[in-house]
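Chemist: heads up, no residue letters with this:
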């Protein structure tokens, strides 16, 4: 029985570390894309003028900002969830609070991260499609 528990703990450690590694890489990519994309597009005069002529400048800028904002929101949410869960491990009284119970529940909801990641991909893809349409 102890061997099974040890294997489970090792698996949890391994998968938790992998999840954190992939999560960090994906968030970094999203933020870099959401900031770097507009910088490249709007600092290149030829590209910028073509986008301005199309009348889509605000929409494209909004889409990049929205994708980045979604990632900032999920990072902030995850930060606060993690703190509350950590604090709850240290403080038994805090575990009785609504805040801890709500954050603990949110901590187990992978769909929230997945939904915001998919929405970010959709928003960034729409921005790129708008740009490609302008140049084709």
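Modeler: Looks like it arrived, so ask away. This one's a predicted model, so the numbers in the text were calculated from it and none came from an experiment. Residues are numbered from 1 along each chain as shown.
Chemist: longest helix anywhere in this protein?
Modeler: Longest helix in the chain by number of residues (criterion: DSSP state H): helix 2-43.
Chemist: packing partners for that helix?
Modeler: With contacts taken as 3 or more Cβ pairs under 8 Å, 6 or more residues apart in numbering; DSSP states H and E, helix 2-43 sits against helix 45-54, helix 57-90, helix 110-135. Heads up, the C-betas are built off the backbone N, CA and C, glycines and all.
Chemist: Contacts only, for residue 35.
Modeler: Applying Cβ atoms under 8 Å, 6 or more residues apart in numbering, we find residue 35 in contact with 64, 68.
Chemist: Any idea which of the helices and strands packed on helix 2-43 gets closest to residue 6?
Modeler: helix 57-90 (21.1 Å; Cβ to Cβ).
Chemist: Give me the mean pLDDT for the following helix or strand past the closest one.
Modeler: Sequence order places helix 98-107 as the next helix or strand after helix 57-90, per DSSP states H and E. Summarised as a single mean, pLDDT over helix 98-107 is 96.
Chemist: neighbouring contacts of helix 98-107?
Modeler: For helix 98-107, contacts defined as Cβ under 8 Å, 6+ apart pick out 77, 80-82, 84-85, 87-88, 94-95, 112.
Chemist: Now do it against helix 57-90, angle only.
Modeler: With axes from the mean of the first three to the mean of the last three Cα atoms, to 10 degrees defining the directions, helix 98-107 sits at 120 degrees from helix 57-90.
Chemist: if we can go back for a sec, Produce a ChimeraX select command limited to the buried residues of the contacts of helix 98-107.
Modeler: Buried residues among those (16 or more other Cβ atoms under 10 Å), as a ChimeraX selection:
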select :81,84,85,88
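Chemist: Any idea which helix or strand in this protein has the lowest mean pLDDT?
Modeler: In the chain, the helix or strand scored least confidently by mean pLDDT, DSSP states H and E is helix 2-43, which has a mean of 82.
Chemist: Please report how far the residue nearest to residue 126 when sequence neighbours are not counted lies from residue 38.
Modeler: Excluding the flanking residues, the one nearest residue 126 by Cβ to Cβ, 6 or more residues apart in numbering is residue 63, at 5.7 Å. Separation of residue 63 from residue 38 (Cβ to Cβ, to the nearest Å): 9 Å.
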